[in-house]
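Trainee: Provide a 3D model corresponding to the input given below.
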Amino acid sequence: MKRNPETMRIEERTAVGSPKGYEPGDPGADYSSTAKVVTVELGGLNNSGVGGGDGGGGPERARVLMNFGEHARELISSEIALGLLRILESEQKIQQAAGGGAVGQQTLDALKHTTLVILPMENISGRKLLEENNDTCLRKTGRPVEGGVGVDPNRNWGVDWGVLEKDYNPSEEYGGAEAFSEPEARIIKKLVEELKIHAWVNVHSGMAAMFLPIDYQAQVPEDVGMLHNSRIIGSLKAKYCPVCEIGSGGATVGYKAHGTIVDYLWEEAKVPFPMTWEVMGDTQAPFYDCVRMFNPLTKAEFNDVVHRWSAATLEMVRLLPLNPKIPKYDSFVAPSIAELPVPDMKGFTAWHKERIQKLKNQPSAKPDGTTGGVEAGDAGSREKDGGGGREGGGGQHGEEEERGEEEQHGEEEQHEEEEQHKGGGHREDERDEEEAAALEEAEAEDLEDFRESGKETGEGQQGSSQDSHIGHGTGANSRPQEKGSIYQNRPIYRGGQEVSSNPLHLQFLLFGCLFGLLFFGLQLRKRYRAKVRSRRAIRSFSGRQIGLPI
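Mentor: Have a look, this model is predicted:
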């Protein structure tokens, strides 16, 4: 900040929470929060506070508000904010991060016509509590509430607030006593009203995704501007996060969320381009290892996440004027729909698909101002359907040949299936006959051995003898277990009940118990290592100082 006083400014915003639900003197009744707010204007700081021009009546600038560190356990979020601010310190770093060349120069021009406002850490109290208690799974704020601690700042906004899903978990998603009861939400709401922002980015971690509204419904709003917003997200996905899922929050994340910031900004504040970024996450991590689940574990991964999403921010600013409601900068040239198509987004309806087709059919502008006619996809369809081409005008003779080949191929497949069926049936019958013959022969041998043993002395003695033989795996009701016998590993039955299926079952049971003990020991070891990793992570993340070393 001190090195760039003409282009960067830092200030503090404070708000007091609602006392609703608290008695005077209760912990949390006078809860407040203070957040640092960084304004970046490479075209010169505007002291009017609303980002309108360069302070001397210049052209309107695009106004972007970015929020980081909303959930305490997502440590990497604030690190991206710090990395982005370091890049914005110098024009050389900006051009380098943007890829250099014409794109780098255009990105620099875009930033000079943009007011970028950054909240490096929204949830100060939650982060402080996480560090003090080593509670690396804490999501909410540090405000004391009935039965625990914390409110989820992203459930405290006024659209669809208080609606609870069947899987609602208050320890994760408690939305406060009323909409806008929390000072964190009040600080951001006031900033939105003052700046009259065009775009909003809320940076989270836990998965790889980019969301548009709506969070409480599984669809993207039916708005033409949203189609162009989708194109921008498609560019970010292609360049910086190929594995990212994209779509509306309600259609993509796997659950519906109510009272979120992005829905309020879209429906009430009328922000043209609100979105949520999920920059990374390990979905295979156990539930207790939140450091691994929400944050990178190695230095290389850490640097990669910070760099990619800092660069993605620059690309987003460069492409913002694709949305017709966002001011354009001097060097902006809109890419055609063929150069930057609308990606397939989760939550698109039939309305979106119809409008996408209309965009494709619109003539694209050439550099000389003329139009280039229909897009390549439509030309290809004409070639496929029209006469004279190989696909469309092959003639009747070719069609007859194709039908003849298909009929012949079908008859051959049918004949092969019948032969296989017959052959398989014969083989199965032969196996059944062999097994039946072997069974009769074995039973005859067993009965002969039993008679020769001299134990056939009466019905009562015979019953006890048979029981004894069953217990030891010998006698008339047992089965020979010689190697290669067809009875090997077959179950033994008496009176229609299975008596024993394998003499090794006790060994398998013992093996299962030993495996269970080993598994339990490994789980304890994993939990211990997760705690150690949590302590190290809190010490290593540079944003751990509540004052933020900016």
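Trainee: what bits of the stretch 251-400 of the chain have low per-residue confidence?
Mentor: Along the stretch 251-400 of the chain, segments meeting pLDDT under 70 span 363-400.
Trainee: One more pass at 50, please.
Mentor: For the stretch 251-400 of the chain, applying pLDDT under 50 flags the ranges 365-400.
Trainee: which stretches of it form helices?
Mentor: Taking DSSP state H, counting those that start in this stretch to define them, one finds helices in the stretch 251-400 of the chain at 261-267, 290-294, 299-319, 350-361, 376-385, 396-452.
Trainee: Can you classify the nearest residue to R13 once chain neighbours are set aside as helix, strand or coil?
Mentor: Leaving aside its sequence neighbours, R13 sits nearest to I187 (CB to CB, 6 or more residues apart in numbering; 4.7 Å). For glycine as for every other residue, the C-beta is placed from the backbone atoms N, C-alpha and C. Using DSSP: H, G, I helix; E, B strand; the rest coil, the structure places I187 in helix.
Trainee: correct me, but I187 touches G17?
Mentor: No: counting by CB atoms under 8 Å, I187 stays clear of G17, with 10.7 Å between them.
Trainee: more crowded one of the two?
Mentor: G17 (25 against 21; other CB atoms under 10 Å).
Trainee: Now stretch 209-225: buried residues?
Mentor: Buried residues in stretch 209-225, counted by 16 or more other CB atoms under 10 Å: 209-221, 223.
Trainee: wait, stretch 186-202
Mentor: In stretch 186-202, counting by 16+ other CB under 10 Å, buried: 186-189, 191-192, 195, 197-202.
Trainee: ok, now stretch 144-154?
Mentor: 145, 149-154.
Trainee: from those residues, which has minimum pLDDT?
Mentor: Among these, V149 carries the lowest pLDDT, at 90.
Trainee: need the contact list for it.
Mentor: By CB atoms under 8 Å, 6 or more residues apart in numbering, the contact list for V149 reads 129, 140, 142-143.
Trainee: Now tabulate the residues you listed in TSV and tack on pLDDT and distance to A62.
Mentor: TSV is the format used below for these (pLDDT from 0 to 100; distance: CB to CB, whole Å):
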residue	pLDDT	distance to A62
L129	95	36
K140	97	32
G142	96	34
R143	96	34
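Trainee: got a list of what the closest residue in space to G28 that isn't next to it in sequence touches?
Mentor: Nearest non-adjacent residue to G28, counting by CB to CB, 6+ apart: P144, 3.8 Å away. Residues in contact with P144, defined by CB under 8 Å, 6+ apart, are 26-28, 31.
Trainee: So which of the residues you listed is surrounded by the most neighbours?
Mentor: That'd be Y31 among the contacts of P144, by other CB under 10 Å, with 23 neighbours.
Trainee: In this structure L359 contacts A334, no?
Mentor: No: with contact defined as CB under 8 Å, L359 does not count as touching A334 (12.0 Å).
Trainee: how about A15, phi and psi?
Mentor: phi -140, psi 150 (degrees, to the nearest 10).
Trainee: thinking again about what came up before, among the contacts of V149, name the ones in helices.
Mentor: Members of those lying in helices (criterion: DSSP state H): L129.
Trainee: what about stretch 64-83, average pLDDT?
Mentor: Stretch 64-83 comes out at a mean pLDDT of 97.
Trainee: Could you say whether R13 sits in a helix, a strand or coil?
Mentor: strand.
Trainee: quick revisit: dump the buried residues of stretch 144-154 into CSV; add secondary structure and distance to I87 as well.
Mentor: Converted to CSV, the buried residues of stretch 144-154 look like this (DSSP: H, G, I helix; E, B strand; the rest coil; distance: CB to CB, whole Å):
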residue, secondary structure, distance to I87
V145, strand, 38
V149, strand, 36
G150, coil, 33
V151, coil, 33
D152, coil, 30
P153, helix, 26
N154, helix, 26
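Trainee: can those go into TSV with extra columns for distance to K239?
Mentor: As requested, the buried residues of stretch 144-154 are exported to TSV (distance: CB to CB, whole Å):
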residue	distance to K239
V145	42
V149	40
G150	36
V151	36
D152	31
P153	30
N154	27
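Trainee: In terms of distance to P296, which of these ranks first?
Mentor: For these, the minimum distance to P296 (CB to CB) is 22.1 Å, reached by N154.
Trainee: Correct me if wrong: the closest one contacts T260.
Mentor: Yes: with contact defined as CB under 8 Å, N154 reaches T260; the gap is 5.3 Å.
Trainee: circling back: please report the distance of the residue nearest to R13 from G99.
Mentor: 35 Å (CB to CB, to the nearest Å).
Trainee: Also F508?
Mentor: 60 Å.
Trainee: W200 belongs to a strand?
Mentor: Yes: W200 forms part of a strand when assessed by three-state DSSP.
Trainee: Mind pulling up the pLDDT for it?
Mentor: On pLDDT, W200 comes in at 98.
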